[in-house]
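Asks: Okay, structure incoming, though there's no sequence with it:
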């Protein structure tokens with residue numbers, strides 16, 4: 001006799017395969033994973049980016065808590081913008097009232113844990129990412145995997161504390177967009193032949209920093225057709241000028257001087273074509289927040305009548321348009337007049353209070 005589990009003599013191998021296939025359990029459903037990391041990101045540096053990108057590669061969703069701090073002049077909402085721009089797939093939560101100290105004290109740890117739980121609002125966390133000692137107690141409270149990333153700083157030997165002490169010396173650890181926001185950004189506006197280029201370069205030399213030239217002038221000289229540019233070329237000018245700002249300002253120290261911006265490009269576009277473009281409008285609208293100080297060079301110097309210009313009357317018209325546009329947008333500005341040295345002194349009277357004492361004009 002054979003047991004009931006013996007196969008019948010006439011059962012084929014195919015029948016056995018089909019029967020076994022039916023008994024295999026269904027594939028286990030993937031359980032979603034949610035990671036959490038937190039910090040001040042003051043400033044966001046390559047070490048932070050390494051941790052965040054490690055987390056994004058390992059979990060389905062990532063939440064980033066970013067805290068207010070008085071240790072750094074760039075405000076929380078700007079720092080949160082760095083994260084949202086670079087990592088749009090992450091959920092960024094701004095923590096304006098979070099605990100300001102981190103320690104091994106049990107009371108402080110409890111305060112940190114309770115605050116994190118309130119900010120999460122019941123979200124289930126499976127992985128907690130950090131490079132710090134607090135990874136142990138926070139992950140334990142969350143019931144999450146304690147995922148330490150480069151805790152010894154062997155891959156990314158950098159700290160935000162070190163960067164805050166000397167941003168210029170540590171700028172290689174910052175993206176151009178982040179470093180841009182650490183600088184005092186000065187833009188010089190004015191009609192044609194008002195001395196912007198000369199003054200921008202002179203100021204950069206005085207402050208031992210960088211001058212960003214007017215990209216539109218370079219582009220116009222290379223591409224103009226009968227002293228005109230196509231509508232889409234105006235977008236190219238405005239977009240590339242901002243790229244120049246980011247790239248060149250990465251070598252700047254404490255402040256940067258920019259010759260012209262999208263506000264003037266838009267006015268030239270209106271003059272050439274009678275209309276602007278959606279991109280130019282967006283960039284021009286954002287200019288009020290993009291720069292810290294606006295300076296307008298007066299047209300009180302002799303007009304330099306070169307082949308690429310349209311005469312002193314056109315200079316006067318554009319100057320009025322620039323001033324009217326700034327007034328319409330309610331952008332505060334400082335007018336500069338007189339010689340190059342006098343104008344530099346007028347800039348210093350406004351700028352120096354925003355710089356460290358040892359970086360002010362001599």
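Replies: Sure thing, it's come through. In this text, all values refer to a predicted model and were calculated from it rather than measured experimentally.
Asks: Tell me how far residue 187 lies from residue 282.
Replies: To residue 282, residue 187 is 17 Å away according to Cβ to Cβ, to the nearest Å. Placement of C-beta: from N, CA and C, glycine included.
Asks: okay, those two: which has more neighbours?
Replies: Neighbours per residue, other Cβ atoms under 10 Å: of residue 187 and residue 282, the larger number sits with residue 187, 26 against 11.
Asks: in its sheet, what does the helix or strand harbouring that one sit against?
Replies: For residue 187, the element it lies in under DSSP states H and E is strand 184-189. Under the criterion DSSP bridges, strand 184-189 sits next to strand 255-259 (parallel), strand 293-297 (parallel) in its sheet.
Asks: who does the helix or strand following it touch, helix- and strand-wise?
Replies: Sequence-wise, the next helix or strand downstream of strand 184-189 (DSSP H and E) is helix 196-206. Helix 196-206 sits against strand 184-189, strand 210-212, strand 255-259, helix 340-351, with contacts defined as 3 or more Cβ pairs under 8 Å, 6 or more residues apart in numbering; DSSP states H and E.
Asks: And the contacts of helix 196-206?
Replies: Helix 196-206 has contacts (Cβ atoms under 8 Å, 6 or more residues apart in numbering) with 186, 188-190, 210-214, 217, 257-260, 297, 336, 340, 343-344, 347-348, 361-362.
Asks: And that helix, what's buried?
Replies: Neighbour-count burial for helix 196-206, counted by 16 or more other Cβ atoms under 10 Å, picks out 196-197, 199-200, 202-204, 206.
Asks: Then stretch 290-300?
Replies: Using 16+ other Cβ under 10 Å as the burial criterion, the residues of stretch 290-300 that qualify are 290-291, 293-297, 299.
Asks: quick one, strands of this protein?
Replies: In the chain, the strands defined using DSSP state E lie at 34-39, 61-67, 91-95, 127-130, 145-148, 184-189, 210-212, 255-259, 293-297, 334-336.
Asks: list the buried ones in the fourth one?
Replies: Of the residues in strand 127-130, those buried under the neighbour-count criterion (16+ other Cβ under 10 Å) are 127-130.
Asks: List just the nearest of the buried residues of helix 196-206 to residue 140.
Replies: Nearest to residue 140, judged by Cβ to Cβ, of these is residue 204 at 52.7 Å.
Asks: Pull the number of nearby residues for the residue nearest to that closest one when sequence neighbours are not counted.
Replies: In this structure, residue 204 finds its nearest non-sequential neighbour in residue 211, 3.7 Å apart by Cβ to Cβ, 6 or more residues apart in numbering. When neighbours are counted by other Cβ under 10 Å, residue 211 registers 22.
Asks: pLDDT at residue 211, what is it?
Replies: Looking at residue 211, its pLDDT is 98.
Asks: I'd guessed it sits against residue 259; true?
Replies: Yes - applying Cβ atoms under 8 Å, one finds residue 211 in contact with residue 259, separated by 6.9 Å.
Asks: so who does the residue nearest to residue 204 touch?
Replies: By Cβ under 8 Å, 6+ apart, the neighbours of residue 211 are 200-201, 203-204, 256-259.
Asks: avg pLDDT for stretch 248-266?
Replies: In this model, stretch 248-266 has a mean pLDDT of 97.
Asks: One more: stretch 186-200?
Replies: Here the mean pLDDT over stretch 186-200 is 96, rounded to a whole number.
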